[in-house]
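Asks: attaching a predicted model along with its sequence, questions to come.
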Amino acid sequence: MLLPGPSGWGTYREPDFAGTTRSDEARSTASGDLTSPFCDKLGCGKIVGVKICIRFPLLLVLMLSPNGLAAQNQKGPPDESQPQYGAITGSVVCHDSNSPARFAVVLTIPIPVFDASGKRVTLPIVNGRDVATTNLDGRYILPKIAPGDYFVLAELDGYVSPVGQFSQDDVENLTPERIKKLAGLIPSVHVEPGKTSYAEVTLERAASISGSVTYDDGSPGIGLYVDVEPAQDVPADQQPLMQGLSTNRLQRTDDQGQYRLSGLSDGKYLVKVLMGIPRLEENPLAPEFQADPYEGYPVGGSIPIYSEKTLRKKDAKNFDLKRGEDLTGADIEVPLHGLYSINGTVVAQGSQPPIIFGSVSLQDVNDKTLKRSTTVIADGAFQFPYLPPGNYELKTTRLSDQPPYSPGHPDRGPDHTYADATITVQLLDKDLDGVTIAVPDIAKQGKH
């Protein structure tokens with residue numbers, strides 16, 4: 001990764017509001033909320049929902065017409081003697097201190113081009129290395145960016161991420177409406193081959209929440225993972241990127257059981273400890289790493305315990321955060337008694353091959369917020385530890401007679417197709433062992 005030097009990088013473009021680029025050769029006139037300059041050579045098209053000023057509108061019409069798009073798709077291989085990439089440079093500033101945002105992460109979000117009907121036509125290509133870190137002056141350079149239009153996102157611990165209100169899917173699949181919303185939050189640039197674009201980003205101080213984790217015997221909860229989630233129930237695929245794309249929001253408690261989570265936007269949150277996440281995946285004294293195809297899959301699942309002392313989300317304490325606020329005293333107590341486990345096996349009936357991989361989901365019959373998922377391992381076994389007494393529905397999904405894919409075991413045969421099976425069990429005041437989930441034979445069912 002290249003870092004900018006103290007004397008800069010050569011030719012700069014004058015920054016305009018909202019991150020547009022200016023140069024002596026081609027200067028854009030701001031119009032409306034955002035000016036997105038387009039290359040007269042590329043004719044990249046229109047960003048739907050963002051007001052733009054184009055010097056060659058006829059070329060734009062041609063490029064977005066069926067014949068123009070066909071011609072664009074029929075272009076020959078690129079001329080290797082000509083520049084194929086552009087660059088993005090700029091600086092990141094912390095608004096609260098007016099100081100450089102040092103060692104902030106900067107990355108690009110590609111902006112798709114839509115035709116007149118709203119269908120996505122093109123999307124700039126993003127490389128996994130299209131990321132930079134600011135230097136001590138808060139400056140950055142992204143030296144090898146494919147031509148196209150991009151939002152420039154900067155993130156730093158303790159500061160609001162502009163994408164925190166979006167889900168991962170929202171960012172990966174931008175629509176005209178989402179583009180409009182993002183355009184009001186972060187700068188955008190247009191990248192041309194052989195040229196440098198400029199974007200300056202200002203970061204706003206976020207909210208934080210802190211507290212302690214203890215076991216109910218008074219000892220500190222050391223090295224436990226702490227996380228937050230929206231107080232309002234949100235489907236898993238729509239979970240917002242609360243602390244951004246580059247920040248790992250999972251924090252571990254220190255040796256006193258203390259934690260602090262920062263980078264949070266305005267909103268209501270729940271705080272939870274996640275038990276059951278392994279801290280060490282392999283013995284560092286082992287002579288060589290031996291890959292386990294089941295490694296990385298949750299055996300038993302992660303067990304959330306919410307503030308102040310409950311496994312049930314519906315009983316969790318809500319915390320209302322405001323931007324810039326440091327909320328303290330969000331303590332969590334982990335119960336040591338009154339929790340039990342469900343242990344069992346998934347068995348294939350009839351002449352079906354043995355089940356050696358898949359998932360079992362669990363949900364409290366009387367509390368839809370208490371739900372987990374675990375992995376079926378090689379002998380068909382599964383387990384759910386740390387559960388309060390109750391009635392639980394267990395359901396199998398994605399069962400397979402093949403192990404999970406791993407680099408050391410690349411050859412997988414075709415999966416046998418299994419039916420899903422569901423049972424209900426009652427967990428009292430002791431562990432429930434020997435549970436069997438029988439998976440019916442689809443072939444035999446079809447004969448009746």
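Replies: Yep, it's here. Numbers count the residues shown, from 1 in each chain.
Asks: every contact and neighbour count from this point should use C-alpha atoms.
Replies: Noted.
Asks: where are the low-confidence patches of the stretch 151-300 of the chain?
Replies: 247-249, 278-281, 289-291, 296, 298 (pLDDT under 70).
Asks: err, the stretch 1-150 of the chain, not the other one
Replies: Using pLDDT under 70, the stretch 1-150 of the chain drops low at 1-82.
Asks: and the pLDDT for Pro410?
Replies: At Pro410, the model reports a pLDDT of 59.
Asks: backbone phi and psi for the residue nearest to the spatial centre of the chain, please?
Replies: Of all residues in the chain, the one closest to the mean position by C-alpha atoms, centre = their mean is Gln168, 5.0 Å from it. Phi and psi for Gln168, reported as degrees, to the nearest 10, are phi -60, psi -40.
Asks: got phi/psi on the closest residue to it other than its chain neighbours?
Replies: Distance criterion C-alpha to C-alpha, 6 or more residues apart in numbering; nearest residue to Gln168, sequence neighbours excluded, is Leu241 at 6.6 Å. For Leu241, the backbone dihedrals (degrees, to the nearest 10) come out as phi -80, psi 70.
Asks: ok, now how distant is Leu241 from Asn173?
Replies: Here Leu241 is placed at a distance of 14 Å from Asn173 (C-alpha to C-alpha, to the nearest Å).
Asks: these two - which one has more neighbours?
Replies: Remark: of Leu241 and Asn173, Leu241 carries more neighbours, 22 against 13, as counted by other C-alpha atoms under 10 Å.
Asks: hang on, that one packs against Asp170?
Replies: No. Counting by C-alpha atoms under 8 Å, Asp170 is not a contact partner of Leu241; they are 9.8 Å apart.
Asks: what count of nearby residues applies to Tyr392?
Replies: Tyr392 has 22 nearby residues by other C-alpha under 10 Å.
Asks: which SS class is Asp170?
Replies: helix (DSSP: H, G, I helix; E, B strand; the rest coil).
Asks: so for it, what's the nearest residue that isn't a sequence neighbour?
Replies: Asp170's closest residue in space is Arg178 (C-alpha to C-alpha, 6+ apart), at 7.4 Å.
Asks: just checking, that neighbour touches Asp169?
Replies: No. Using C-alpha under 8 Å, Arg178 is not in contact with Asp169, being 11.2 Å away.
Asks: domain parsing for the chain?
Replies: When the chain is parsed with automatic domain parsing, its domains come out as 14-203, 206-280+295-335, 338-448.
Asks: any idea how far the second one is from the chain center?
Replies: Same thing as domain 206-280+295-335. Remark: domain 206-280+295-335 is offset 17 Å from the chain centroid, using C-alpha atoms, centre = their mean, to the nearest Å.
Asks: and what about Asp433, helix, strand or coil?
Replies: strand.
Asks: so what sits opposite the nearest residue to it once chain neighbours are set aside in the bridge?
Replies: Closest residue to Asp433 in three dimensions, ignoring its sequence neighbours and counting by C-alpha to C-alpha, 6+ apart: Asn343, at 4.8 Å. Judged by DSSP bridges, the bridge partners of Asn343 are Gln383.
Asks: so what's Asn343 up against?
Replies: Neighbouring residues of Asn343 by C-alpha atoms under 8 Å, 6 or more residues apart in numbering: 381-384, 431-435.
Asks: ok, so of the residues you listed, who is nearest Ala207?
Replies: Phe384 (34.7 Å; C-alpha to C-alpha).
Asks: from what I can see the closest one touches Ile303, true?
Replies: No. Here Phe384 does not reach Ile303: they are 9.1 Å apart, not a contact under C-alpha under 8 Å.
Asks: can you give me the helices for the stretch 301-448 of the chain?
Replies: 442-447 (DSSP state H, counting those that start in this stretch).
Asks: can you count the residues close to Ile355?
Replies: Neighbour count for Ile355, taken as other C-alpha under 10 Å: 24.
Asks: mind listing what it touches?
Replies: 346-348, 378-380, 399-402.
Asks: just the buried ones from those?
Replies: Using 16 or more other C-alpha atoms under 10 Å as the burial test, the contacts of Ile355 include 346-348, 378, 380, 399-402 as buried.
Asks: what number of residues lie near Val189?
Replies: Using other C-alpha under 10 Å: Val189 sits among 26 other residues.
Asks: so what sits opposite it in the bridge?
Replies: Beta-bridge partners of Val189, counted by DSSP bridges, are Tyr150.
Asks: isn't it up against Ser197?
Replies: Yes. With contact defined as C-alpha under 8 Å, Val189 counts as touching Ser197 (6.5 Å).
Asks: what's the spacing between the nearest residue to Ala132 once chain neighbours are set aside and Val189?
Replies: Spatial nearest neighbour of Ala132, excluding adjacent residues (C-alpha to C-alpha, 6+ apart): Val106 at 5.1 Å. Note on Val106: its distance to Val189, by C-alpha to C-alpha, is 13 Å.
Asks: shared neighbours, the two?
Replies: Joint contacts of Val106 and Val189 (C-alpha under 8 Å, 6+ apart) are Val152.
Asks: mind checking the SS state of Val299?
Replies: Once three-state DSSP is applied, Val299 turns out coil.
Asks: what residues does it make contact with?
Replies: By C-alpha under 8 Å, 6+ apart, the contact set of Val299 is 374-377, 382-383.
Asks: how about stretch 159-166 as PDB, C-alpha atoms only?
Replies: Taking C-alpha atoms only, stretch 159-166 is exported to PDB below (Å, rounded to 0.1, in the frame of the first residue of the first chain):
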ATOM      1  CA  TYR A 159     -16.000   8.600  14.600                       C
ATOM      2  CA  VAL A 160     -19.300   8.100  12.800                       C
ATOM      3  CA  SER A 161     -19.200   6.000   9.600                       C
ATOM      4  CA  PRO A 162     -21.500   7.500   7.000                       C
ATOM      5  CA  VAL A 163     -22.500   4.000   5.900                       C
ATOM      6  CA  GLY A 164     -23.500   3.100   9.500                       C
ATOM      7  CA  GLN A 165     -27.100   3.400   8.700                       C
ATOM      8  CA  PHE A 166     -26.900   1.100   5.600                       C
END
